[in-house]
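A.B. asks: Kindly generate the corresponding structure for this input.
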Amino acid sequence: MLRVRRRPLRLTADIAVSVLVAYYLTVVVLLESEGQPWALTALGLAAAAGQAVALWWRRTRPVPVMAVALAGGTFTHVIAPEGVFPVAALVAVVPLTLAYPPRFSLYGLAALLALTSMNFWTTTTGDAQFAMVIPVLVWTLTETVRSRRAAIAEASRRAVGEEQARIARELHDVIAHSVSVIVVQAAAADDVFDEAPEQARASLRSIESTGRSALGELRRLLAATRPGGEDESRRPQPALDRLGELAEPLRAAGLHVAVHREDTTDGPPVPAGVELSAYRIVQEALTNTLRHAEGAGRVEVTVRTAAGMLEIDVLDDGGGSAADTEGGGFGITGMRERASMLGGSLDAGPCSGGGFRVQARLPLEVTG
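C.D. replies: Take a look at the predicted model:
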């Protein structure tokens with residue numbers, strides 16, 4: 001059962017519709033009742049009132065209201081055939097069409113047309129044909145509105161889903177990277193706590209710094225999901241000029257990270273969306289190296305722009321693991337999704353000479 005909350009304007013309109021339909025049908029029945037038994041006229045007035053009252057619930061119970069309007073309209077037409085239009089059923093077909101798809105609402109239209117076709121026996125052919133066109137026109141216009149609303153609702157659901165997926169990717173990248181660094185630093189601090197306390201303190205300071213940075217990123221991401229959190233969510237997002245900051249905790253963990261920028265064109269600046277995706281791809285690639293590359297001691301990160309493309313190359317000297325290969329884990333899948341969303345591509349896999357490489361190409365002009 002549909003539940004509709006009536007606002008003052010809608011309440012006024014619903015009352016007006018019921019009153020006008022009751023007035024119209026009452027006038028038609030009274031004008032056509034001359035020479036008919038009083039009891040038949042009374043039944044006609046009761047049918048008119050029943051249809052008008054039933055329309056009050058047309059938004060919440062469109063199917064029963066349509067049934068009442070069709071039954072009452074049939075009886076009214078038998079008593080007063082000059083009325084031509086089954087106005088109550090014409091009104092009732094609108095909420096029925098808005099509430100249900102064509103595979104259901106067309107049954108209501110067919111029943112309404114069957115009722116309207118009775119005019120062929122009681123009035124001229126021209127009037128009967130005109131009366132048949134009106135229900136079809138009403139149904140068509142209403143179905144157009146319903147389809148438009150459904151399309152808008154579907155687009156809204158799709159937008160919400162895409163935003164949820166975006167936030168999920170961001171959360172994965174931030175948490176996976178930060179937690180991996182913290183775990184490695186904590187293990188390193190534990191190993192040297194007694195022999196090299198200064199080195200242990202440096203690891204703890206790196207853990208603190210990484211944790212604060214992760215909290216800041218999480219606040220920014222979660223602010224976008226809270227009402228009134230727009231200011232926090234509008235802070236500048238990570239970009240390629242912060243790759244050095246991204247690599248610093250890994251260097252403290254004993255993994256040497258070399259970052260190279262090679263801008264070979266004088267084209268327009270890299271769009272913010274492309275920069276963010278590139279940053280996250282490098283972040284995830286470094287996280288995979290830290291977590292999965294056995295014996296890795298060095299990572300080369302190269303970012304270059306050429307021929308309208310932003311190219312990313314992350315190469316480590318570790319042994320790699322099953323988690324890094326195609327289909328393993330969510331990291332590579334997420335990186336590939338980021339590249340694909342921008343119309344780019346990403347390849348990841350072990351190198352023939354050892355190590356693991358992630359290569360991405362992102363177009364600088366995102367289309368679509």
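A.B. asks: okay, and for the stretch 251-368 of the chain, where does confidence drop off?
C.D. replies: 252-253, 264-268, 293-294, 319-330, 366-368 (pLDDT under 70).
A.B. asks: For it, which segments count as helices?
C.D. replies: With DSSP state H, counting those that start in this stretch, the ranges of helices along the stretch 251-368 of the chain come out as 272-292, 331-341.
A.B. asks: Using CSV, lay out those helices together with distance to L255.
C.D. replies: Yep, even glycine has a C-beta here, placed from its N, CA and C like the rest. Output for these, formatted as CSV (distance: least, C-beta to C-beta, whole Å):
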stretch, distance to L255
helix 272-292, 6
helix 331-341, 16
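A.B. asks: Return the most buried member of those.
C.D. replies: Mean neighbours per residue, mean count of other C-beta atoms under 10 Å, is largest over those for helix 272-292, with a mean of 23.
A.B. asks: now the angle between helix 331-341 and it, please.
C.D. replies: Angle of helix 272-292 versus helix 331-341, following axes from the mean of the first three to the mean of the last three C-alpha atoms, to 10 degrees, is 170 degrees.
A.B. asks: Who are the packing partners of helix 272-292?
C.D. replies: helix 125-192, helix 243-252, strand 298-306, strand 309-316, helix 331-341, strand 356-363 (3 or more C-beta pairs under 8 Å, 6 or more residues apart in numbering; DSSP states H and E).
A.B. asks: can I get those in CSV with distance to V270?
C.D. replies: Shown next, in CSV, are those (distance: least, C-beta to C-beta, whole Å):
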stretch, distance to V270
helix 125-192, 18
helix 243-252, 13
strand 298-306, 7
strand 309-316, 6
helix 331-341, 14
strand 356-363, 9
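A.B. asks: Now for V19: which residues touch it?
C.D. replies: Neighbouring residues of V19 by C-beta atoms under 8 Å, 6 or more residues apart in numbering: A52.
A.B. asks: change it to 6 Å
C.D. replies: By C-beta atoms under 6 Å, 6 or more residues apart in numbering, the contact set of V19 is empty.
A.B. asks: quick one: it and A13, what's the gap?
C.D. replies: Distance check for V19 against A13: by C-beta to C-beta, to the nearest Å, it reads 11 Å.
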